[in-house]
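> Fold the following, please.
(chains A and B)
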Amino acid sequence: MSGAKQPANGAAAPASNFIRQIIDADNASAKHGGKVITRFPPEPNGYLHIGHAKSICVNFGIARDYGGVCHLRFDDTNPAKEDVEYEESIKEMVEWLGFSYRDHLFYASNYFDQLYLFAEHFIERGLAYVDSQSAELMRANRGTFEKPGIDSPFRSRTVVENLALFREMRDGKHADGAHVLRLKIDMASPNINLRDPAIYRIRHVAHHRTGSKWCVYPLYDYTHSISDAIERITHSICTLEFEAHRPLYDWVLAKLVEAGKLPAPSPQQIEFARLNLSYTVLSKRKLLELVDTGIVNGWDDPRMMTLAGLRRRGFSPASIRLFAERTGASKAHQWVDMADLERALREDLDTTATRAMAVLDPVKVVIENWPADTTELCSAPAHPHDESRPRREFKLGRELYIEREDFMEVPSKGFFRLVPGGEVRLRYGYIIKCERIEKDADGNIATIFASYDPATKSGTPGGRNVKGAIHWVAAVDGLRAEVRLYDRLFSIENPDAGEGDYKTHLNPNSLRVVQAWLEPSLVAAQIDQSYQFERMGYFTPDRVDSTPSKLVFNRAATLKDGWKPG
RNA sequence: AGGGGAGUCGCCAAGUGGUAAGGCACCGGAUUUUGAUUCCGGUAUACGUAGGUUCGAUCCCUUCCUCCCCUGCCA
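Got it, this is the predicted structure:
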């Protein structure tokens, strides 16, 4: 009865949490007849980020585990800020994350008629009034945390007066800001949200869905509670900052239920802690600023923790779901390390990513005893634990490239790659020995001259082996490509807590671009597919800049590196 | 006259009167032509603090401390 616990992708079953406990209890008492309906209610005024992803996973995940449904509902009550562009992006990202909203797409704006009628109902019951104070005066009269507010001089308007005025507001007879419709609750409430909250304001602005039909638009608390009830949401899961709004949510619904306008039982608002990620910022305002000031290249910049950015960077939907599952849902403020996101990525990609070899910082190797102008075909599995996938092939010739960091002229203790006079295996190829090196005018190693042992071809039964194996790309069939190496955008854990503006803590090395050598199989690399460049990390073709004639790869994450030079 | 929340291992997070799950990280060791993966094994005398109730308290009561949220005609 504790919800069908279906692992998201072979991972452990979702842990019990306080939300699921509430649902279990409701199911046990048949409060909602065993139904579970949740909702993800974004305002279409920005792009989704990793924090939203967690909320999506919580809401859609619970619906899935309990055999219920999760509504995608656009909270589009503020036409001045919202746009279809955002709506489309949000829908795309929800789907990309692996959740379907097909038959469960809703809009708060679809309830505008109903919301309006309910507002008149509140007026008729003497529970709402038109306030004509200025915004400034309203603020002043609301009181403070310690001091109760004082009643508006318009609080005692008659029902007839209120109704007439509200209809005039609706009919466009008044300017923006001239009046506002307020619930009549309690100006002395210790909870400021209950001090006669405004529920309708005048906005002579066209709405992207309702056009110019309305010039009065309902506010969040009023709209959200009623929308939930109309959709028969059973559990309305939101973040902690709405805790103080719950009494208002309950008040609105209770009044409508007692009048027979809405069915019982009402949905229950449940709040959980939002996600905080280290080394980044997640507020819409800051994300926008990073884009507007050109610090990043757009909303889908791979360094951005937006879902568009994460996707472009090479994060898989499954890895984000795994991450959301691991961080769980609770009421304690959580501060999660960015590295945890990368670990979830590695865990997912290790089992799925096709392998390939790529040299990101090339140094040339010449095998002097390799016959000139000859090559030999080598092959390698697409995945080390899945031999059923077609193998990849590439050539080995006299000249090739290896990673600069795989050679040390003066090796650190414990270094077992290539050193002067030492041997190393060319993965899937032969064992080579470094005979001598040649440096350029600046003292950098220009070429490594080596010899190979013909008896050591990869796969030779009973052949000898050496400890180190390094990746390489032959000059004959290697591909050139641009590779973008990303790192965290900020250099301190909490950019907001440091001294000064968060933008003073940018990591200057958050993007490095290198020209790499890739093995030939990578010409066929697909957008949205991840590749493990062996020993280097997980990469994906850049979805906007990569073309077959000019390959561009993004690094999503490095591989775990257990070697500590000593 | 203020109100509402939260404090359990480095990071998440269960448990809620019967003597501290799990994940990640970390540390050993085995396998490995990725210093990856995988596999074994280890890791809180301890639940913000001080008291109290109880045979027994992370869980109940009280004190104190720390942190977060709320004074938009934003959501």
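
> Could you count how many residues lie near residue A:244?
Using other Cβ atoms under 10 Å, residue A:244 has 13 neighbouring residues. C-beta here means a position set from N, CA and C on the backbone, and glycine is covered the same way.

> How about the one 5 residues further on?
By other Cβ under 10 Å, 24 other residues sit near residue A:249.

> ditto for residue A:36
21.

> Quick check: closest non-adjacent residue to the residue of chain A at minimum distance from RNA strand B.
Taking Cβ to the nearest atom of the strand as the measure, chain A has residue A:458 as its residue closest to RNA strand B, at 2.6 Å. Among residues not flanking residue A:458 along the chain, residue A:428 sits closest, at 4.8 Å (Cβ to Cβ, 6 or more residues apart in numbering).

> quick one: that neighbour and residue A:376 touch, right?
No. Counting by Cβ atoms under 8 Å, no contact exists between residue A:428 and residue A:376, whose distance comes to 10.9 Å.

> ok, those two, which is more surrounded?
The neighbour comparison of residue A:428 against residue A:376 (other Cβ under 10 Å) goes to residue A:428, with 23 against 13.

> Tell me which residues touch that one, please.
Contacts of residue A:428 were listed using Cβ atoms under 8 Å, 6 or more residues apart in numbering, and they are A:378-380, A:458.

> let's go with 10 Å and repeat that
Contacts for residue A:428 (Cβ atoms under 10 Å, 6 or more residues apart in numbering) come out as A:357, A:378-381, A:391-394, A:396, A:457-459, A:469, A:471-472, A:519, A:534.

> Quick one: buried ones out of these?
Listed as buried from the contacts of residue A:428 are A:357, A:378, A:380-381, A:392, A:394, A:396, A:457-458, A:469, A:471-472, A:519, A:534; burial here means 16 or more other Cβ atoms under 10 Å.

> Turn the residues you listed into JSON lines, columns for secondary structure and pLDDT.
Formatted as JSON lines, the buried ones among the contacts of residue A:428 follow (DSSP: H, G, I helix; E, B strand; the rest coil; pLDDT from 0 to 100):
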{"residue": "A:357", "secondary structure": "coil", "pLDDT": "98"}
{"residue": "A:378", "secondary structure": "strand", "pLDDT": "97"}
{"residue": "A:380", "secondary structure": "strand", "pLDDT": "97"}
{"residue": "A:381", "secondary structure": "coil", "pLDDT": "97"}
{"residue": "A:392", "secondary structure": "strand", "pLDDT": "97"}
{"residue": "A:394", "secondary structure": "strand", "pLDDT": "98"}
{"residue": "A:396", "secondary structure": "strand", "pLDDT": "98"}
{"residue": "A:457", "secondary structure": "coil", "pLDDT": "93"}
{"residue": "A:458", "secondary structure": "coil", "pLDDT": "93"}
{"residue": "A:469", "secondary structure": "strand", "pLDDT": "97"}
{"residue": "A:471", "secondary structure": "coil", "pLDDT": "98"}
{"residue": "A:472", "secondary structure": "strand", "pLDDT": "98"}
{"residue": "A:519", "secondary structure": "coil", "pLDDT": "98"}
{"residue": "A:534", "secondary structure": "coil", "pLDDT": "98"}
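
> Which of these sits closest to residue A:438?
Of all those, residue A:438 sits closest to residue A:472, with 18.2 Å by Cβ to Cβ.
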